[in-house]
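**Q** sequence? don't have it. structure:
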């Protein structure tokens with residue numbers, strides 16, 4: 001069923017993955033995966049300014065709360081276990097509320113918080129205001145980083161200059 005990829009490239013891995021057939025569901029066709037498109041998405045994500053900013057503060061980061069966990073994954077940062085399972089799906093299905101997500105953040109005190117750009121609820125403001133600094137914003141996301149991590153990063157930059 002599984003064949004070893006000929007190389008370690010992302011594209012060959014996606015080609016191998018696309019060969020898996022969902023026999024248990026009674027279908028005899030391959031999963032519709034376009035490895036070229038997946039590779040392109042992976043490359044764009046790797047070049048993103050947001051990801052670069054997350055990586056900049058990675059040395060002082062133990063936890064990330066991210067509305068899109070793919071960014072945390074690509075930055076090789078950990079997400080609290082309660083938030084690791086497709087958070088958006090759990091949120092929109094009512095399995096987890098914004099207040100519960102903030103409660104998890106109070107518990108873990110993530111050094112980075114990635115949220116959709118838009119109106120921030122009072123729960124989030126209460127959590128972010130005293131200890132976090134906005135370090136990045138674009139049309140889709142805002143990234144807050146713990147003030148202590150930002151300060152440590154600034155000291156390191158000054159030491160290298």
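**A** Sure thing, it's come through. These figures come from a predicted structure and were not determined experimentally.
**Q** from here on, contacts and neighbour counts on C-alpha atoms
**A** OK.
**Q** residue ranges in this structure under the pLDDT threshold?
**A** 1-47, 86-88, 154-161 (pLDDT under 70).
**Q** go again using 90 as the cut-off
**A** 1-48, 67-70, 82-98, 119, 153-161 (pLDDT under 90).
**Q** which parts of it are strands?
**A** For the chain, applying DSSP state E gives strands covering 64-66, 112-116, 132-137, 141-146.
**Q** return the distance of residue 147 relative to residue 116.
**A** 20 Å (CA to CA, to the nearest Å).
**Q** kindly apply the preceding question to residue 99 instead.
**A** Where residue 116 is concerned, residue 99 sits at a distance of 16 Å (CA to CA).
**Q** so for the two, which residue has more residues nearby?
**A** residue 116 (16 against 13; other CA atoms under 10 Å).
**Q** ok, the more buried one touching residue 67?
**A** Yes. With contact defined as CA atoms under 8 Å, residue 116 reaches residue 67; the gap is 6.7 Å.
**Q** would you mind measuring from residue 77 to residue 118?
**A** Relative to residue 118, and taking CA to CA, residue 77 is found at 24 Å.
**Q** compare those two (neighbour count), which wins?
**A** The neighbour comparison of residue 77 against residue 118 (other CA under 10 Å) goes to residue 77, with 19 against 10.
**Q** so the more buried one touches residue 62, yeah?
**A** Yes. Assessed by CA under 8 Å, residue 77 is found in contact with residue 62 at 7.1 Å.
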